[in-house]
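[1] take this sequence and fold it.
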Amino acid sequence: MKKVGIVGGTGPESTVDYYQSIISKFQEKIGSKEELPELFINSINMYKMFNLLMNGQTQELINYLTDAIQKLESVGADFVVFTGNTPHIVFEQVQEKVQVPMISIVEETYLKAQELSLEKIGLIGTKFTMENDFFKQPFVSHNIEMVVPNQSEQEYIHRKIVEELENGIVNNDTKKGFLNIIEQMTDRDGIQAIILGCTELPMLIKNEDLNIHSLNTAEIHINKIMDTIFMDTTR
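    Numbers count the residues shown, from 1 in each chain. The predicted model follows:
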């Protein structure tokens, strides 16, 4: 079985979710509570990443994430993942600088949308995820339209993610605010699904809260991680 290297801390809450979910799914597949996957976690500073992005220090961010992955590679990780959507802004640049394969949360989410035959999708996440094109590119290039909230909605979502969700705070008023924004996007923009483009968002928004498809990027990513862990290494 392959060993996964996890670049965590982006943010801490989703890192815990990835770890627990991988263990749970691994034991379910093996059929034993006495088996555990071998994995490595390198938890980095989410706030340093945000500050580098805010200051336009793209190369410094690439170097910071590359160093984090190379440390995982040096201890024996067979493949590596980020536990957040935001660091995927520089996913391709980082992948070019490391030897170990990486699994993109963006690519896996696109494949899920394609599987569901979706044509118009909403995206919510940090301001960096909503403002930049890195998440939109694979969708738009395959004729799937992507819509983001308006500016004031984006500011509200980002603030609540950073101040609350990244710190493990689940606020019911915030949940109502997010669901209202998704409802507005459904009515205003005609979206068929919403991408939870921050891996902490499932703490707040559940499938049963919505009348449209919900693409939980963390869940999609973790399922691909599990497939890769059990991939035949002799091939």
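[2] which other helices and strands contact the helix or strand of the chain with the lowest mean pLDDT?
    Least confident element among the helices and strands of the chain, by mean pLDDT, DSSP states H and E: helix 137-140 (a mean of 93). For helix 137-140, the elements it packs on are helix 105-115, strand 145-147, judged by 3 or more C-beta pairs under 8 Å, 6 or more residues apart in numbering; DSSP states H and E. C-betas here are computed from N, CA, C, even on glycine.
[3] what ranges do the helices span in this protein?
    For the chain, helices defined by DSSP state H occupy the ranges 12-30, 46-54, 58-74, 91-97, 105-115, 127-131, 137-140, 151-163, 172-189, 217-229.
[4] burial measure for Ile41, as a count.
    Residues near Ile41, counting by other C-beta atoms under 10 Å, number 15.
[5] any idea how far Thr86 is from it?
    18 Å (C-beta to C-beta, to the nearest Å).
[6] quickly list the domain ranges of this structure.
    Using automatic domain parsing, the domains assigned to the chain come out as 4-104+220-229, 106-216.
[7] straight-line length of the last one, end to end?
    Read it as domain 106-216. Domain 106-216 has its terminal residues 11 Å apart, counting by C-alpha to C-alpha, to the nearest Å.
[8] and if you look at stretch 40-53?
    26 Å.
[9] swap in stretch 44-60?
    14 Å.
[10] next, the buried residues of it.
    For stretch 44-60, a neighbour-count test (16 or more other C-beta atoms under 10 Å) marks Ile44, Met46, Met49, Phe50, Leu52, Leu53 as buried.
[11] rewinding a little: could you dump the helices of the chain to TSV with distance to Glu200?
    What follows is the helices of the chain, written out as TSV (distance: least, C-beta to C-beta, whole Å):
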stretch	distance to Glu200
helix 12-30	5
helix 46-54	11
helix 58-74	19
helix 91-97	19
helix 105-115	13
helix 127-131	12
helix 137-140	22
helix 151-163	6
helix 172-189	11
helix 217-229	8
